[in-house]
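Q: coordinates for the following, if possible.
(one chain, ligands or ions: 1)
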Amino acid sequence: MKVLHVAAEIYPLVKTGGLADVVAALPVAQQRQGLDVRLLLPGLPQVLEAVQGARTVADIGACFGAMRVRLLLGRLPGSLLPVYVVEAPYLYRRGGGPYHDDRGDEWPDNLQRFALLGWVAAHLAGGDADAQWVPEVMHAHDWHAAMGCAYMADHAPTGAASIFTVHNLAFQGLFPLHDWPLLGLGSRLMSPAGLEYHGQLSFMKAGLKFADRVVTVSPRYAREIATPEFGCGLDGVIRGRGEHVTGILNGIDDDVWDPARDSALVHRYDAARLQGKQACRRALQAELGLQPDDAALLVTVISRLTQQKGLDLMLAALPALLQSGAQLAVQGTGEPALEAAFTEAQRAHPGRVHCFIGYDEARAHRLIAGADAIAVPSRFEPCGLTQLYGLRYGTLPIVRRVGGLADTVIDDAGPGPANGFVFDAATPAALTQCLLRAAALRQFPEAWRARMAAGMGQQLSWVGPARQYAQLYAQATGAPVARA
Ligand code: ADP
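A: Numbers count the residues shown, from 1 in each chain. So this is what the prediction gives:
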């Protein structure tokens, strides 16, 4: 089975969130299971610099406002996966982030930048861009790649099936309707039954409406987005796709997230040798200037600092948490008010609260290894990766019962042995009560270790999810379902 993954991010080259981790790990897991996998990425500077042995497979010429567009094929360092790169200097060669400039404003030409990505994906799927390799599945990730599904649908018949994974429905890729002519799509798609969304153009809708199958990154999120509460205005579209919307839980990359092999840690450990975790904890307290207190519950948060992640609840719960003797270490970037509030909390509680406003992968590994618990009190959470990293590292997740958090974290009276703590209401009181329950249980080392063991023993790798995707590809293409 030939599969083309199309995405705007890939760890460690371009990353704004969990999408990048998935795009780095899922194709590799699929390749190990015998699929013939390639990637298509926009030619952002970090990607062009990293790709090895690139050669031109198609000289596309001028399109989407760019004078010179070429399709390159090379290999990714590390995995050596074949990767197509859309080289379009006018659209992609710039500083800032993949979607925003340095001030946080969206790039004004995002419509052209990501329409081009989808357009090239559709041409690869149709066999026009590289006759040597034609995918049977075009797998688009998030709105950045979703237009691939619309271009394929607009130029039927394309032999390939299209799969669209929603990593976060809240980011939709909305553009003014008057930019429609820039897309070069048939006018039949410019309607509410197509890409139009309340007087705007929605790239997200291109994936939701036209992909042969839609997948979300957890089964519960797949059910949630069919409701008005979580559907971000698209719940009707999602309900309309019926059984073609399913959820496949993300895995984690064992090569990157494994406490027994983690090069970011001075002390390594596993479930059978937990002394290393204790050493990581002491090293972390020393590094962050936290009191060297072995009894305190040390909670970490590694997150975008946004409303979605419920971190205003964490601030509200902080006085009671500290009162119980606990410590908090936060790392993240995001909304200025939340950044300021956590920075202020550190100032007000030296030795008890640490706050690092910034993005640092190695530091995130040290925090997860050294903390006792990781809090993810999200208002909504498509899958969430940090609670999975917590489970793997014996760092108990404290999460809200929502989306992928609900699918992965089990509390007392759950469907299996408890591996963390779960609360329901998105209120300071509910989170506070949950945090205090965790702080109380920490005083019972055996009970605490039982939860650690439950999480550390879980199979969280990409092996299972990669098989589920393969089955979905088989359904979508009509190929026989591969026996795992
Ligand atoms: P989302 O994609 O909604 O931001 P996820 O939990 O799915 O949330 O993925 C977030 C990813 O980004 C994880 O790999 C997490 O470790 C990482 N991350 C978030 N903030 C930071 C930070 N400040 N420093 C390092 N890694 C971070």
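Q: mind listing what residue 287 touches?
A: residue 366 (C-beta atoms under 8 Å, 6 or more residues apart in numbering). C-beta: built from backbone N, CA, C; applies to glycine.
Q: for the helix or strand hosting it, what is the distance to the chain centroid?
A: Here residue 287 is covered by helix 275-288, with elements defined by DSSP states H and E. Offset of helix 275-288 from its chain centre (C-alpha atoms, centre = their mean, to the nearest Å): 28 Å.
Q: likewise for stretch 421-437?
A: The answer for stretch 421-437 is 24 Å, by C-alpha atoms, centre = their mean.
Q: same question for stretch 379-399.
A: 12 Å.
Q: quick one on the thing from earlier: right, is the helix or strand just after the helix holding residue 287 up against the ligand?
A: Per DSSP H and E, the first helix or strand lying C-terminal to helix 275-288 is strand 298-305. Yes: on the criterion C-beta under 6 Å from any ligand atom, strand 298-305 is in touch with the ligand at 302-304.
Q: who does strand 298-305 pair up with?
A: Strand 298-305 has the following strand partners under DSSP bridges: strand 327-334 (parallel), strand 373-376 (parallel).
Q: where do the helices sit along the stretch 251-400 of the chain?
A: Along the stretch 251-400 of the chain, counting by DSSP state H, counting those that start in this stretch, helices occupy 275-288, 311-323, 336-348, 361-370, 386-392.
Q: the ligand: which of these is closest?
A: helix 361-370 (3.8 Å; C-beta to the nearest ligand atom).
Q: briefly note if that closest one comes near the ligand.
A: Yes: using C-beta under 6 Å from any ligand atom, helix 361-370 reaches the ligand at 361, 364.
Q: and the buried ones among the residues of strand 298-305 next to the ligand, selectable in ChimeraX?
A: Buried residues among the residues of strand 298-305 next to the ligand (16 or more other C-beta atoms under 10 Å), as a ChimeraX selection:
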select :302,303
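Q: okay if I get the helices of the stretch 251-400 of the chain as TSV plus mean pLDDT?
A: TSV is the format used below for the helices of the stretch 251-400 of the chain (pLDDT from 0 to 100):
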stretch	mean pLDDT
helix 275-288	98
helix 311-323	98
helix 336-348	98
helix 361-370	98
helix 386-392	98
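Q: sorry, back to before: most packed of the strands paired with strand 298-305?
A: strand 373-376 (a mean of 28; mean count of other C-beta atoms under 10 Å).
Q: from the helices of the stretch 251-400 of the chain, which stretch is densest packed?
A: When these are compared using mean count of other C-beta under 10 Å, helix 386-392 is most buried, at a mean of 26.
Q: that helix and the ligand in contact?
A: Yes: interface with the ligand: helix 386-392 contributes residue 386 (C-beta under 6 Å from any ligand atom).
Q: check which helices and strands that helix sits against.
A: Other helices and strands packing on helix 386-392, by 3 or more C-beta pairs under 8 Å, 6 or more residues apart in numbering; DSSP states H and E, are helix 361-370, strand 373-376, strand 396-400, helix 403-408, helix 445-456.
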